[in-house]
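Colleague: Sequence plus predicted model, see below.
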Amino acid sequence: MNTLDRLEKRFGRFAIPNVMRIFTVIYAIGLVLWIINPTAYVLYLALNPSAILRGQVWRLVTWLLFPPGYGENIIETVVYGAMGLYFYYWVGGMLEQSWGRFRFNFYLFLGILFHITAAFFVNFVMHSFVLMTPTALNLSLSLRLRSPTRIFRFILWDCFLSARFIWRCSMWELSSTISLWALRAAGLQFCSRC
């Protein structure tokens, strides 16, 4: 019997059922707040250790309100947010079903604790505020999900290829922008729009 089994035997009755449903509601509230005023999250709700040490202890909980997706306008924000909410709810439900209620709660809340610890560590070392969001924790859920079906492997591989394609396109765009700036600085111009 390993340590996690002993913890489950002792504290398993305190595990929250359907915890990802609760987190989905929290993210939906955060999405609405982000649509109303995106800067309010960073100013008043984000995980800022120096603000927490000054007495703003609500930030230990409200940093979880960060929305799962945001775009350049309201329509993109709503679409990406809805897709993110559905994805997190789906992956969280699958993991809770396969791991069990206690183990999924343990993974999720331990990840939250590690995020808070990392924020304080970065603040202590760098003496600056770094925006810590629950996005990495939520995306780690998809990495923990393993399925023997070929369909899920195909979807995961397809997403990986799509991410590589988007990365390469963004790097190409960045390099072409830098090249245009360099040409402008040298006084050269290839077209009238440049």
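Modeller: Arrived safely, thanks for sending. Residues are numbered from 1 along each chain as shown.
Colleague: per-residue confidence for Arg101?
Modeller: Arg101 carries a pLDDT value of 91.
Colleague: That one contacts Ala15, correct?
Modeller: Yes - with contact defined as Cβ atoms under 8 Å, Arg101 reaches Ala15; the gap is 4.3 Å. All C-beta spots, glycine's among them, are computed from the backbone N, C-alpha and C.
Colleague: Any buried residues in stretch 21-41, and which?
Modeller: Phe23, Thr24, Ile26, Tyr27, Ala28, Gly30, Leu31, Leu33, Trp34, Tyr41 (16 or more other Cβ atoms under 10 Å).
Colleague: In space, what's closest to the fifth one - neighbours in sequence excluded?
Modeller: Just to be clear, that refers to Ala28. In space, and not counting its chain neighbours, Ala28 is closest to Leu85: 6.0 Å by Cβ to Cβ, 6 or more residues apart in numbering.
Colleague: and what of the second one?
Modeller: With Cβ to Cβ, 6+ apart as the measure, Tyr89 is the residue that lies nearest to Thr24, at 4.6 Å, once sequence neighbours are left out.
Colleague: That neighbour: neighbour count?
Modeller: 19 (other Cβ atoms under 10 Å).
Colleague: SS state for it?
Modeller: helix (DSSP: H, G, I helix; E, B strand; the rest coil).
Colleague: which ones are touching it?
Modeller: With contact set as Cβ atoms under 8 Å, 6 or more residues apart in numbering, Tyr89 has these partners: Met20, Arg21, Thr24.
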